[in-house]
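Chemist: Give me the fold of what follows.
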Amino acid sequence: MKTTVEIKKMGINGEGIGYINRKIVFIKGALLNEEVEIDAKQYNNKNYYFGDLIRVIKPSPMRVKNPCRANKECMGCNLLHYAYPAQLKHKKDLIKESLKKYTELDRSQIKIDQIIGMNQKNGFLTQANLPIVDFKGKVTFGIYQRETKYLTVMTGCMKQHPLINQTLLQLEEVFNNHQCKTYNDKFRTGLRFIKLRVFQDKVQVIIITGKDGLKDEVVSDIKKLKQVNGLFMSINTSKYQDFESQGYKKIFGNTKEEFICDGKKYIMSVKTTLPDHLESFEIRNKIVKTMVKGSKKIISINCENGILEMNLDQEVVAIDEKKDNIESATYNAKLLGKENIKFVYGQPIKKMVTFAKKKVYDTVIIQGVNGISNELKDTLRLGKVQTVIYMNSSTSMLAKDLQELSKYYKVEEIKAVDSHMYQSYVTSIAKLTRK
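Modeler: All right, here's what the predicted structure looks like:
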């Protein structure tokens, strides 16, 4: 059904929202206040429509030319056609809408700052984790989009660091010159997955393969790439993509690399968790440091690489269930002479309870990738923690957790950093104090 629709608001996935006969219609690529012509479809007798954008009749002043040729099919950046200041406003609105939808909080009492935007708008991703795929008979690197199964080749993504794109193109040439094959489920052979990590002007390459591994001549050609400072391999034929569980075999290069964050040097192993977007990571850490200024003893849950904690002056216990993160963090804390921090490996809740019984920790920092578990909420409720700093990049998950915590804590403020540029995600940092 072709029709004309006026966009009344923006959805949580960056789509425009309008109405057809009082029924909602979601339109990918449409912007707030635009008038658009669409082809509307109603699936499975649902009480709403999806609209394919045919043309923009009345464009928004915030509409900009999309700089990515693959964006029409690729689902990775749903806000590229939106002017950057408007993207930041949209993300602040997402936080407000989530609080309105999922909480009973008095939003007038919560200070929500403007979203902190990024200066570096291209080439900011310092990591790439990509399937190795076959495209028109050639080995390359790309992502199959969930809805359409369209393959987006990722050798020239504008968000990826230039060294990542350069290395991917060179590896593509190496693999095809040696007639390498992509992974075959039946025979469990071939190239399966690649990870690239940038350290200043060097690239670390990790390749996941089937049981046949890498040919010697392939390794020899990769070694000739000047920017590649280390090559690692993992033979993994498991159905599930938990590639780190079996470890990585060093083929050549350095097992540890120097990582610079906020002017300080850290040594990171091949399996240490690194930030995707360094600029937003540094800003986030500064915000947290300001929020815990009055604290004396801190427990940090899901500390990952421990850089945030190493920049705090208080007595800190930092917990992570990834052993490699704790080993790197402990090593770096020793190098920096940070005797006020103890890094602990283990299940965060159990370890937190153990330490909380021994001392009174007044602040808990939670990096909640998957939200706050009921067990952790109970631990906070029963404990004597006065301040909670909670970070999450999902506005809906953040709001749901804040609603639960609001029974015992007051939400003081929310600051947010544009850690997921051109996407409908934003890293929110909420400060809560005990009622």
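Chemist: buried sites along stretch 124-138?
Modeler: For stretch 124-138, the neighbour count (16 or more other C-beta atoms under 10 Å) marks 124-128, 130-133 as buried. All C-beta spots, glycine's among them, are computed from the backbone N, C-alpha and C.
Chemist: What is the distance between it and the centre of its chain?
Modeler: Here stretch 124-138 is found 17 Å from its chain centre; the criterion is C-alpha atoms, centre = their mean, to the nearest Å.
Chemist: what about it, how long is it end to end?
Modeler: From its first residue to its last, stretch 124-138 covers 28 Å (C-alpha to C-alpha, to the nearest Å).
Chemist: now that stretch: mean pLDDT?
Modeler: Rounded to a whole number, the mean pLDDT of stretch 124-138 is 94.
Chemist: Now do that stretch: everything it contacts.
Modeler: 118, 139-144, 151, 153-154, 157, 159-161, 164, 168, 172, 175-176, 182-183, 191-198, 207, 274-279, 421 (C-beta atoms under 8 Å, 6 or more residues apart in numbering).
Chemist: Residue 143 and residue 149 touch, don't they?
Modeler: No. In this structure, residue 143 is not within contact of residue 149 by C-beta atoms under 8 Å, at 10.7 Å.
Chemist: Mind checking which of the two has more residues around it?
Modeler: residue 143 (18 against 7; other C-beta atoms under 10 Å).
Chemist: what residues are up against the more buried one?
Modeler: Residue 143 neighbours (C-beta under 8 Å, 6+ apart): 74, 76, 130-131, 151-152, 154.
Chemist: helix, strand or coil for residue 187?
Modeler: Judged by DSSP: H, G, I helix; E, B strand; the rest coil, the three-state class of residue 187 is coil.
Chemist: mind showing which ranges of the stretch 151-300 of the chain have poor pLDDT?
Modeler: 241-243, 245 (pLDDT under 70).
Chemist: how about 90 then?
Modeler: Low-confidence segments of the stretch 151-300 of the chain, defined by pLDDT under 90: 151, 237-247.
Chemist: Strands along that one, start to end?
Modeler: Using DSSP state E, counting those that start in this stretch, the strands of the stretch 151-300 of the chain run over residues 151-153, 191-199, 202-209, 228-235, 249-253, 256-261, 264-269, 297-301.
Chemist: Flag every buried residue along the lengthiest strand in the chain.
Modeler: Identified as the longest strand of the chain according to DSSP state E is strand 48-58. Buried residues in strand 48-58, counted by 16+ other C-beta under 10 Å: 49-51, 53, 56.
Chemist: now stretch 33-51
Modeler: Neighbour-count burial for stretch 33-51 flags 34, 36, 38, 40, 49-51 (criterion: 16+ other C-beta under 10 Å).
Chemist: between these, which is nearest residue 110?
Modeler: residue 34 (30.7 Å; C-beta to C-beta).
Chemist: Quick check: the closest one vs residue 97, distance?
Modeler: Counting by C-beta to C-beta, to the nearest Å, the gap from residue 34 to residue 97 is 19 Å.
Chemist: and what of residue 19?
Modeler: From residue 19 to residue 97 the distance is 17 Å (C-beta to C-beta).
Chemist: Look at the two and report which has more neighbours.
Modeler: residue 97 (17 against 14).
Chemist: Tell me if I am right that that one is in a helix.
Modeler: Yes. Per three-state DSSP, residue 97 lies within a helix segment.
Chemist: Return the residues in contact with it.
Modeler: Residue 97 makes contact with 12, 395 under the criterion C-beta under 8 Å, 6+ apart.
Chemist: Help me confirm that residue 7 comes into contact with residue 14.
Modeler: No. With contact defined as C-beta under 8 Å, residue 7 does not count as touching residue 14 (11.9 Å).
Chemist: contact partners of stretch 257-266?
Modeler: Applying C-beta under 8 Å, 6+ apart, the set of residues contacting stretch 257-266 is 197, 199-200, 202, 204, 229-230, 267-268, 274-275, 278, 281-282, 285, 305, 307, 310-311, 328, 332, 336.
Chemist: average model confidence for the helix or strand harbouring residue 309?
Modeler: Assigned by DSSP states H and E, residue 309 falls within helix 307-310. Here helix 307-310 scores 98 as its mean pLDDT.
Chemist: What of stretch 86-97?
Modeler: pLDDT averaged over stretch 86-97 gives 96.
Chemist: going forward can the numbers begin at 35, since that is how I track them
Modeler: All set: I'll call the first residue 35, so the last point we hit is now stretch 120-131.
Chemist: can I get the CA coordinates of it in CSV?
Modeler: The C-alpha trace of stretch 120-131 is given here as CSV (Å, rounded to 0.1, in the frame of the first residue of the first chain):
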residue,chain,number,x,y,z
ALA,A,120,20.6,15.8,15.9
GLN,A,121,21.9,12.3,16.6
LEU,A,122,23.0,13.5,20.0
LYS,A,123,19.6,15.0,20.8
HIS,A,124,18.0,11.8,19.6
LYS,A,125,20.0,9.8,22.0
LYS,A,126,19.2,12.1,24.9
ASP,A,127,15.5,11.7,24.0
LEU,A,128,16.0,7.9,24.0
ILE,A,129,17.2,8.1,27.6
LYS,A,130,14.2,10.3,28.6
GLU,A,131,11.7,8.0,26.7
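Chemist: so how far is that stretch off the chain centroid?
Modeler: Its chain's C-alpha centre and that of stretch 120-131 lie 18 Å apart, by C-alpha atoms, centre = their mean.
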